[in-house]
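Asks: no sequence for this one, just the structure:
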């Protein structure tokens, strides 16, 4: 149905593993009315555009508006959303070629930040995930909900914590 699901494990430090559930809803127009289902209980989001395809960037504000109107924090504020300029190994077009413009765009549109990434070359994938998880944890601490998202697991006889939003 145009949706992909993945699990990503972050090694936060020597003692903490964080497991993320990632839903790729592909930004397809025909599935726009179903996004609320995929956003349910989300505590953070990545919005990803292709730096080599200006039309991809042109859809970012529509995707951000959809996200912000369908999922929010307990106080009504938007969930942390990180903008990812993907395929940074390819030729950058339009605003994607200008880091200062991306910084300005990110701040003006209430993103918690942005990164150039390349899924192909694994560029800034771990870094961007850790950045977003850090933002989510700060918010969970503020609202006093952090403990409900942590559980202890024993992996290879080593005590580790797991984060499952």
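Replies: That came in fine, so what should we check first? Keep in mind that what you see is a predicted model, and the values were worked out from it rather than measured.
Asks: Which strands or helices does the helix or strand hosting residue 63 pack on?
Replies: Assessed by DSSP states H and E, residue 63 sits inside helix 60-70. Secondary-structure packing of helix 60-70 (3 or more C-beta pairs under 8 Å, 6 or more residues apart in numbering; DSSP states H and E): helix 35-39, strand 45-50, strand 81-86. Using the backbone N, CA and C atoms, a C-beta is placed for each residue, glycine as well.
Asks: what is the mean pLDDT for the first one?
Replies: Yep, that's helix 35-39 we're talking about. The pLDDT scores in helix 35-39 average 70.
Asks: okay, which residue is most central for this protein?
Replies: Nearest residue to the geometric centre of the chain (C-alpha atoms, centre = their mean): residue 46, 2.4 Å.
Asks: what bridges to that residue?
Replies: Here residue 46 sits in beta bridges with residue 82, going by DSSP bridges.
Asks: contacting residues for it?
Replies: 22, 81-84, 128, 132 (C-beta atoms under 8 Å, 6 or more residues apart in numbering).
Asks: Need the pLDDT of it.
Replies: At residue 46, the model reports a pLDDT of 91.
Asks: For the longest helix along the chain, list every residue counted as buried.
Replies: Using DSSP state H, we find that the single longest helix of the chain is helix 125-143. Under the neighbour-count criterion of 16 or more other C-beta atoms under 10 Å, helix 125-143 has 125, 128-129, 131-133, 135-137, 139-140 buried.
Asks: Quick check: residue 118 vs residue 88, distance?
Replies: Distance of residue 118 to residue 88, computed by C-beta to C-beta, to the nearest Å: 5 Å.
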